[in-house]
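Peer 1: Coordinates for the following, if possible.
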Amino acid sequence: MYTDFLSLADLTTDEILELLELADSLKAGLKAGKREAPLAGQTLAMIFEKPSLRTRVTFETGMYQLGGHALLLEMVTPRLGERESIPDVARNLARWVDGIMARTYSHDAVLQLARHAQVPVINALTDRLHPCQILADAQALREHKGDFQNLKLAFVGDGNNVCASWFNFAARLPLNVTLVCPPGYELEPAIAEFARREARGEVKITHDLEEGLVGADAVYTDVWASMGQENESADRAKVFAPYQVNARIMQLAKPGAVFMHCLPAHRGGEVTDDVMDGPQSIVLDQAENRLHAQKAVMLTLMRKDASGLNRKQKLVACG
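Peer 2: Numbering: from 1, shown residues only. The predicted structure is shown next:
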């Protein structure tokens, strides 16, 4: 049983499917006008080291819709742990709030928060992983293409945190995932090896666009230089230019393949306007589902039992 949401690799197949089912139910309920407050009186602390549009709005709105309150903590210093140790931050916050969401550079910072806080911690993005994004993406992919069995997703670009979480997802669900990238920009070896060892479908890494895109039901891309890599932008633009997702690249995939992007997008960089705004694009569905998928995570982790404890507090109390 997971008590924090740090990586999709920490969850079982059934636990991921339960989150997706709950996200679907919450989405349907919201559209039907249902207004329930299962997290009434609860507070989520939101820690941001990086700029945010979708993460900030969807977590704050999600907590409001669930009846709770989200508290924005803007870092006094650029990084968590510079003004005060991360264990101290975690132990203090756990005395006041019911959950912690963190969007940080260092993945270890989120792991430390989870280790020392007696309330659930949610990884809203680190340089290593982005599980919230992939949960929302998987919800959107399933809405458009059905069950993951026999589906193929081609990730075109850098083997970054988003790509890593897709490989973790493929280690738990029968989705085939291929990374198509320039030499030298492959996925972190430990994550690639974990996915190969655990994969329910086929996971591959290739540098060849035609090989990587053949049979793809979804074509996914992301920025070529992530936050913190701005000094590499010019060099990366040259290296990744052949991997721009444009109409020609989309034609290498299956007819009817969907285009996906986690946003924000650099139009004219990793993707062209005609693809981004075209009929195959489901990027706004992905963005919308950030709200529903993250509500599912918060509700699962933060809901209190009859004793007034959430699952993490209960486990700690039991020793």
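Peer 1: and Ile47, helix, strand or coil?
Peer 2: strand (DSSP: H, G, I helix; E, B strand; the rest coil).
Peer 1: beta partners of it?
Peer 2: Leu73, Ala102 (DSSP bridges).
Peer 1: burial count for it?
Peer 2: Per other C-beta atoms under 10 Å, the neighbour tally for Ile47 reads 22. Bear in mind the C-beta positions are built from the backbone N, C-alpha and C, glycine included.
Peer 1: low-confidence ranges in the chain?
Peer 2: 75-77, 227-228, 317-319 (pLDDT under 70).
Peer 1: Grab the nearest non-local neighbour of Leu80.
Peer 2: The shortest distance from Leu80 to any non-neighbouring residue, by C-beta to C-beta, 6 or more residues apart in numbering, is to Ala109 (4.8 Å).
Peer 1: Can you name the helix or strand that Tyr64 falls in?
Peer 2: Taking DSSP states H and E as the definition, one finds Tyr64 inside helix 54-65.
Peer 1: name the helices or strands packed onto that helix?
Peer 2: In terms of contacts (3 or more C-beta pairs under 8 Å, 6 or more residues apart in numbering; DSSP states H and E), helix 54-65 is packed against strand 43-48, strand 69-74, strand 121-125, helix 283-302.
Peer 1: Just the angle for the second one relative to helix 283-302, thanks.
Peer 2: Put plainly, it is strand 69-74. 110 degrees (axes from the mean of the first three to the mean of the last three C-alpha atoms, to 10 degrees).
Peer 1: can you pull the buried residues of strand 69-74?
Peer 2: Residues His69, Ala70, Leu71, Leu73 are the ones in strand 69-74 that count as buried (16 or more other C-beta atoms under 10 Å).
Peer 1: which element follows that strand toward the C-terminus?
Peer 2: helix 86-96.
Peer 1: Could you list every helix and strand in contact with that following helix?
Peer 2: Right, helix 86-96 is packed against strand 43-48, strand 99-103, helix 107-116 by 3+ C-beta pairs under 8 Å, 6+ apart.
Peer 1: With distance to Ala199 as extra columns, can I get those in CSV?
Peer 2: Converted to CSV, those look like this (distance: least, C-beta to C-beta, whole Å):
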stretch, distance to Ala199
strand 43-48, 33
strand 99-103, 28
helix 107-116, 22
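Peer 1: hey, which of those is tucked in deepest?
Peer 2: Most buried of the helices and strands packed on helix 86-96 by mean neighbour count (mean count of other C-beta atoms under 10 Å) is strand 99-103; its value is a mean of 28.
Peer 1: starting at the chain centroid, how far to that one?
Peer 2: 13 Å (C-alpha atoms, centre = their mean, to the nearest Å).
Peer 1: Give me the helices and strands touching it, please.
Peer 2: Using 3+ C-beta pairs under 8 Å, 6+ apart: strand 99-103 touches strand 43-48, helix 86-96, helix 107-116, strand 121-125, helix 283-302.
Peer 1: CA atoms only: put the shortest one into CSV for me.
Peer 2: This file holds the C-alpha atoms of strand 121-125, laid out as CSV (Å, rounded to 0.1, in the frame of the first residue of the first chain):
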residue,chain,number,x,y,z
VAL,A,121,3.4,13.8,0.1
ILE,A,122,2.6,14.2,-3.7
ASN,A,123,5.3,14.5,-6.3
ALA,A,124,4.0,17.3,-8.6
LEU,A,125,7.2,17.2,-10.7
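Peer 1: who's in contact with that strand?
Peer 2: 4-7, 46, 50, 55, 59, 90, 99-104, 107, 110, 113-114, 129-133, 161, 294, 297-298, 301 (C-beta atoms under 8 Å, 6 or more residues apart in numbering).
Peer 1: what's the angle from that strand to helix 283-302?
Peer 2: 160 degrees.
Peer 1: Check the gap between the residue nearest the centre of the chain and Gly184 for me.
Peer 2: Centroid-nearest residue in the chain, with C-alpha atoms, centre = their mean: Gln133, separated by 2.4 Å. Distance check for Gln133 against Gly184: by C-beta to C-beta, to the nearest Å, it reads 24 Å.
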